[in-house]
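Peer 1: Sequence first, then the predicted structure:
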Amino acid sequence: SQQGEEDPQALSIQEGENATMNCSYKTSINNLQWYRQNSGRGLVHLILIRSNEREKHSGRLRVTLDTSKKSSSLLITASRAADTASYFCATDGGYSTLTFGKGTMLLVSP
Amino acid sequence: EAQVTQNPRYLITVTGKKLTVTCSQNMNHEYMSWYRQDPGLGLRQIYYSMNVEVTDKGDVPEGYKVSRKEKRNFPLILESPSPNQTSLYFCASSSWETNTGELFFGEGSRLTVL
């Protein structure tokens, strides 16, 4: 069952701008993860935020989690052309499965 | 190098011809899983395995089989492929020890069933 839902479906920005993607989910979670996928390639883990955390940083990435609204956001600061990819949120309501959203396609133009 | 290896990467086959997509990981991970990715539908889980000899259905298991005889291998078997199984398939693995649930993905296997 699909739980995470990313918004927007597609985002186009210029290099140097910030990119913000949102993820909404329906049921309670243990943690929420963000993954990146370059076109047709395997997904790569970016960052994990646990249900008792509100914000987390990793390099140019900032993730927030609002469990009361069942939503998360991924901010990429100072975007580069190499950030062009699809970004997925994934929720872990139990350890046996990780449920992915449909993704946000980010295009960063030079 | 830590990795999840899938084979074949690309395959064109015909309806009804049994095929196996292999998946192997070298990280001694307990958990392994298969996903399929289709346009507009995102990633959907087919089967997963918590450890050797333990497998369970995901969201879309129909038409697929798996086995976990060894910790490192988790093959996906299509006994009688049909065109609706044309998709991009990903194998992924994870370790209980890290307690993060972070999945490591293979590079994908693009399957076309004619």
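Peer 2: Nice, thanks for sending it over.
Peer 1: For the rest of this, base every contact and every neighbour count on C-alpha atoms.
Peer 2: Noted.
Peer 1: May I see the buried residues of stretch B:50-70?
Peer 2: B:50, B:51, B:52, B:55, B:57, B:58, B:61, B:64, B:65, B:66, B:67, B:68 (16 or more other CA atoms under 10 Å in any protein chain shown).
Peer 1: Show me those residues that map onto strands.
Peer 2: B:50, B:51, B:55, B:57, B:65, B:66 (DSSP state E).
Peer 1: Excluding chain neighbours, what is closest to residue B:12?
Peer 2: Of all residues not flanking residue B:12 in the chain, residue B:112 sits nearest, at 4.7 Å (CA to CA, 6 or more residues apart in numbering or on different chains).
Peer 1: Quick check: bridge partners of the spatially most central residue of chain B?
Peer 2: With distances taken as CA atoms, centre = their mean, residue B:34 lies nearest the centre of chain B, 2.9 Å away. Legend: beta-bridge partners of residue B:34 under DSSP bridges are residue B:47, residue B:91.
Peer 1: contacting residues for it?
Peer 2: Each residue near residue B:34 by CA atoms under 8 Å, 6 or more residues apart in numbering or on different chains is listed here: B:45, B:46, B:47, B:48, B:76, B:89, B:90, B:91, B:92.
Peer 1: before we move on, back to that, in which helix or strand does the residue nearest to residue B:12 reside?
Peer 2: strand B:109-113 (DSSP states H and E).
Peer 1: Run me through the strand neighbours of that strand, direction for each.
Peer 2: strand B:10-13 (parallel), strand B:87-94 (antiparallel).
Peer 1: coming back round to it: who wins for most neighbours among the contacts of residue B:34?
Peer 2: residue B:91 (32 neighbours; other CA atoms under 10 Å in any protein chain shown).
Peer 1: Can you verify my assumption that it contacts residue B:103?
Peer 2: No - proximity of residue B:91 to residue B:103 does not meet the contact threshold set by CA atoms under 8 Å, at 9.5 Å.
Peer 1: re the thing from before, can you list the strands paired with strand B:109-113 in CSV and add mean pLDDT?
Peer 2: CSV is the format used below for the strands paired with strand B:109-113 (pLDDT from 0 to 100):
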stretch, mean pLDDT
strand B:10-13, 96
strand B:87-94, 96
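Peer 1: Specify the stretch among those strands that is closest to residue A:73.
Peer 2: Proximity to residue A:73 (CA to CA) singles out strand B:87-94 among the strands paired with strand B:109-113, at 24.0 Å.
Peer 1: Name the residues that touch that closest one?
Peer 2: A:42, B:4, B:6, B:23, B:25, B:29-38, B:101-112.
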